[in-house]
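Colleague: Got a sequence here, can you build the structure:
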Amino acid sequence: MFDWDDMRVFLAVARARKIAPAARALGLDPTTLTRRIARLEQALGARLFDLSMGERVLSEQGLAMMAHAERVESASLAAMEEATGKSRMLSGQVRLSVAEGFGTWVLAPGLADFHARHAGIRLDLISASGFLNPSKREADMALMLARPQRGRLSARRLGDYRLHLYAADAYLEQRGEPSSPAALLHHTLIGYVPDFIFSPELDYLNEVHAGLEAHLRATSINMQYRMIAESAGVGILPDFIGRRDRKLRSLLTDAVQITRSFWLVIHEDLRKLPRIEAVAQWLQERVAHMNTG
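Modeller: Just a heads-up that it's a prediction; the model follows:
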């Protein structure tokens, strides 16, 4: 048998991925916390964490343990609310993997509102190169551009967004406005670095016209936006970025219309946790605002 309170310690480390922040969250000494994790592993006869680049990453046994621990946590909170008749303030950490552009232009402006509503939730926005995988518990939630085909995951489409060709007025004054997709062959194009496109949904240029290649390339949509805004060339931007800059003009809007979707992906074991539901609701609101604001 093991001490049930060690389950709480295990969850804190699994979510923080480091001993020091987990200890601070629990009000424990880091040495004490480390000792309690070791005690739990010894009682279970299993290694729960692997060390990777200074972080404690859940092992295969840890992933299995995490699913049970979070169900225990949810049941305990529900029992406490039922017994006291009071709703407990939502708390805990949520790690959300998002594309950089969406995180910068859509989520960041709404974070103050989210924090005002759910001050107890620590929301981590991760915009690494590529989406973190909820099935491996690299993230609790991910906003992806395609529905995953495997894994114990819950996925639902939050909404669509559109992209168009954009160029700065200053660039168009010098080079002229393209009259057709084929005319783009004679313009300086801005786009992604092909070797670093982490999702096929980001490979736009072939949809516009066969043979188009970017001359100026970046892995970051924000860098591409800055290049376009500084008159370096023509590029494809989501409308939630391009239409915010009055110095940019959308081009060939009848001939070039690209649509993509945002999919909210959550590990099946987390889907009904109150803090996850709160973040999911907020994401739905931000997508709706993106399409109307």
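
Colleague: C-alpha only now, for contacts and for neighbours.
Modeller: OK.

Colleague: Can you pull out the low-pLDDT segments for the stretch 101-250 of the chain?
Modeller: Judged by pLDDT under 70, the stretch 101-250 of the chain has its weakly predicted residues at 128-137, 151.

Colleague: now the strands for it?
Modeller: Using DSSP state E, counting those that start in this stretch, the strands found in the stretch 101-250 of the chain span residues 121-126, 141-144, 153-168, 189-191, 216-217, 234-238, 248-251.

Colleague: Could you please name the strands the fourth one pairs with and the direction of each pair?
Modeller: When you say that, I think you mean strand 189-191. Strand pairing for strand 189-191, determined by DSSP bridges: strand 216-217 (parallel), strand 234-238 (parallel).

Colleague: Also the second one?
Modeller: With DSSP bridges as the criterion, the sheet partners recorded for strand 141-144 are strand 92-97 (parallel), strand 258-267 (antiparallel).

Colleague: so can I have TSV of the ones you listed showing mean pLDDT?
Modeller: Supplementary listing: the strands paired with strand 141-144 in TSV, determined by pLDDT from 0 to 100:
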stretch	mean pLDDT
strand 92-97	84
strand 258-267	91
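
Colleague: okay if I get those strands as a markdown table plus distance to Leu11?
Modeller: Below are the strands paired with strand 141-144 laid out as a markdown table (distance: least, C-alpha to C-alpha, whole Å):
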| stretch | distance to Leu11 |
| --- | --- |
| strand 92-97 | 10 |
| strand 258-267 | 16 |
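
Colleague: Export those strands as TSV, with columns for distance to Phe114 and mean neighbour count.
Modeller: Formatted as TSV, the strands paired with strand 141-144 follow (distance: least, C-alpha to C-alpha, whole Å; neighbours: other C-alpha atoms under 10 Å):
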stretch	distance to Phe114	mean neighbour count
strand 92-97	13	21
strand 258-267	18	20
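
Colleague: Quick one: closest of these to Gly62.
Modeller: Shortest distance between Gly62 and the strands paired with strand 141-144, using C-alpha to C-alpha, is found for strand 258-267: 14.8 Å.

Colleague: can you dump the C-alpha coordinates of that closest one into PDB?
Modeller: Extracted in PDB, the C-alpha atoms of strand 258-267 (Å, rounded to 0.1, in the frame of the first residue of the first chain):
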ATOM      1  CA  ILE A 258      -7.800  29.000 -48.400                       C
ATOM      2  CA  THR A 259      -9.700  27.600 -45.500                       C
ATOM      3  CA  ARG A 260      -8.300  25.700 -42.500                       C
ATOM      4  CA  SER A 261      -9.800  24.300 -39.300                       C
ATOM      5  CA  PHE A 262      -8.800  24.400 -35.700                       C
ATOM      6  CA  TRP A 263      -9.300  21.000 -33.800                       C
ATOM      7  CA  LEU A 264      -9.300  20.900 -30.100                       C
ATOM      8  CA  VAL A 265      -7.500  17.700 -29.000                       C
ATOM      9  CA  ILE A 266      -7.600  16.500 -25.400                       C
ATOM     10  CA  HIS A 267      -6.400  13.200 -23.800                       C
END
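
Colleague: Make 257 the first number, not 1, from now on.
Modeller: Sure thing, new numbering starts at 257, so read that last one as strand 514-523.

Colleague: mind listing what's buried in the very next helix or strand once past that strand?
Modeller: Proceeding N to C from strand 514-523, the next assigned helix or strand is helix 530-548, under DSSP states H and E. By neighbour count, with 16 or more other C-alpha atoms under 10 Å as the criterion, the buried positions of helix 530-548 are 530-532, 534-536, 538-539, 542-543, 546.

Colleague: nearest to Gln349, of these?
Modeller: Comparing every one of those with Gln349 (C-alpha to C-alpha), the shortest separation belongs to Arg531, at 8.2 Å.

Colleague: Please parse this structure into its domains.
Modeller: For the chain, the structural domains run 257-344, 416-515, going by automatic domain parsing.

Colleague: Among those, show me which one is buried the most.
Modeller: The highest mean neighbour count among the domains of the chain, using mean count of other C-alpha atoms under 10 Å, belongs to domain 416-515: a mean of 17.

Colleague: All set now, cheers.
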